[in-house]
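In: below are the sequence and a predicted model; questions follow.
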Amino acid sequence: MIDMVNVVFLRDKKNVEVEAKDVSEVFSKLEILKEQYVVMKNGKIVCEDEELKDEDTVQLFTVSSGG
């Protein structure tokens with residue numbers, strides 16, 4: 001069974017739930033680019049291979065650049 005995780009888009013103040021075993025699968029299922037976000041799980045910055053468990057919270061910070 002794949003676990004349900006809560007995904008929070010901090011800039012957009014939007015929450016979604018997705019079935020995913022790791023952060024990489026969250027990006028794939030939501031069809032978003034990993035290069036555009038910094039990812040935190042339960043308050044700690046994590047990489048895309050971070051495993052996820054049922055009811056984990058993944059927060060996505062949009063990366064912005066400019067001059």
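Out: Arrived safely, thanks for sending. Quantities reported herein were computed from a predicted structural model and do not represent experimental measurements.
In: rest of the way, CA atoms for contacts and neighbours
Out: Noted.
In: separation between the residue positioned nearest the centre of the chain and Ser65?
Out: By Cα atoms, centre = their mean, the chain has its centre lying nearest to Val58, at 4.4 Å. From Val58 across to Ser65, the span is 22 Å (Cα to Cα, to the nearest Å).
In: same check, this time on Lys13
Out: For Lys13, the distance to Ser65 equals 20 Å [Cα to Cα].
In: what does the helix or strand where the residue nearest to the centre of the chain lies rub up against?
Out: Element membership of Val58, judged by DSSP states H and E, is strand 57-62. If you take Cα atoms under 8 Å, 6 or more residues apart in numbering as the criterion, strand 57-62 is touched by 5-11, 36-43.
In: quick check, nearest of those to Leu30?
Out: Comparing these against Leu30 with Cα to Cα places Val7 closest, at 9.8 Å.
In: and that closest one, what is it in contact with?
Out: When contacts are counted by Cα under 8 Å, 6+ apart, Val7 touches 15-18, 57-60.
In: of those residues, grab the buried ones for ChimeraX.
Out: Buried residues among the contacts of Val7 (16 or more other Cα atoms under 10 Å), as a ChimeraX selection:
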select :57,58,59,60
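In: reformat the contacts of Val7 as TSV; add pLDDT and distance to Asp49.
Out: Formatted as TSV, the contacts of Val7 follow (pLDDT from 0 to 100; distance: Cα to Cα, whole Å):
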residue	pLDDT	distance to Asp49
Asn15	95	21
Val16	96	20
Glu17	95	19
Val18	96	16
Thr57	94	15
Val58	96	13
Gln59	97	15
Leu60	97	15
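In: export the contacts of Val7 to CSV and tack on distance to Val26?
Out: As requested, the contacts of Val7 are exported to CSV (distance: Cα to Cα, whole Å):
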residue, distance to Val26
Asn15, 13
Val16, 11
Glu17, 10
Val18, 7
Thr57, 11
Val58, 9
Gln59, 11
Leu60, 11
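In: nearest to Glu25 among the contacts of Val7?
Out: Comparing these against Glu25 with Cα to Cα places Val18 closest, at 9.2 Å.
In: wait, is that closest one part of a helix?
Out: No. Read with DSSP: H, G, I helix; E, B strand; the rest coil, Val18 is strand and lies in no helix.
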